[in-house]
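Asker: okay, predicted coordinates and the sequence, questions at the end:
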Amino acid sequence: MSQRIREIMTSPPVTVQPQTPVADVARRMREENIGDILITEGDQLRGLITDRDLVVRVLAEGGDPGAKPVQEVCSEDVVAVSPDDDTDRAVQLMRERAMRRLPVVE
């Protein structure tokens, strides 16, 4: 039998605003010992940034992490699940879209 997402999710999520500099996002990841952060504006999910995104989309491109806002390098077309969704649905989404991280939003 499948579990509900709320039974296994990590909460509360770590979030930043779209204009947050990438360097601040990287520091926050280190402080929280996490590999991704949600980009939010008010109550709306605007994107997701991962530690890999920081390397590939900023450092490898020669970007300045102190000057570049996270909204310029985050993934914006984010698929999310609800805390009341079941884990089977989450696994299905992750497989279909080759995702390693799946945000949970209400």
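Answerer: Sure thing, it's come through. Everything numeric here is computed off the predicted structure, so don't read it as measured data. Residues are numbered from 1 along each chain as shown.

Asker: all strands for the chain, in order.
Answerer: Counting by DSSP state E, one finds strands in the chain at the ranges 15-16, 36-41, 44-50.

Asker: report the angle between the last one and strand 36-41.
Answerer: Taking axes from the mean of the first three to the mean of the last three CA atoms, to 10 degrees, one finds that strand 44-50 is oriented at 150 degrees with respect to strand 36-41.

Asker: same for strand 44-50, what does it pack against?
Answerer: On a contact count with 3 or more CB pairs under 8 Å, 6 or more residues apart in numbering; DSSP states H and E, strand 44-50 meets strand 36-41. Using the backbone N, CA and C atoms, a C-beta is placed for each residue, glycine as well.

Asker: next one: the second one
Answerer: When contacts are defined as 3+ CB pairs under 8 Å, 6+ apart, strand 36-41 sits against strand 15-16, helix 22-32, strand 44-50.

Asker: so what strands line up beside it?
Answerer: strand 15-16 (parallel), strand 44-50 (antiparallel) (DSSP bridges).

Asker: wait, which of those strands is closest to residue 8?
Answerer: Evaluated over the strands paired with strand 36-41, closeness to residue 8 peaks at strand 44-50, with 18.6 Å, by CB to CB.

Asker: so what touches that closest one?
Answerer: Identification of contacts with strand 44-50 by CB atoms under 8 Å, 6 or more residues apart in numbering yields 18, 22, 25, 35-40, 70-71, 73-76, 78, 80, 100-101, 103, 105.

Asker: need the buried ones from these selected in PyMOL.
Answerer: In PyMOL syntax, the buried subset of the contacts of strand 44-50 is picked out as below (16 or more other CB atoms under 10 Å):
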select buried, resi 22+25+36+37+38+39+40+70+71+73+74+75+78+103
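
Asker: correct me if wrong: residue 69 contacts residue 20.
Answerer: Yes - look at residue 69 against residue 20 with CB atoms under 8 Å: they come within range, at 6.6 Å.
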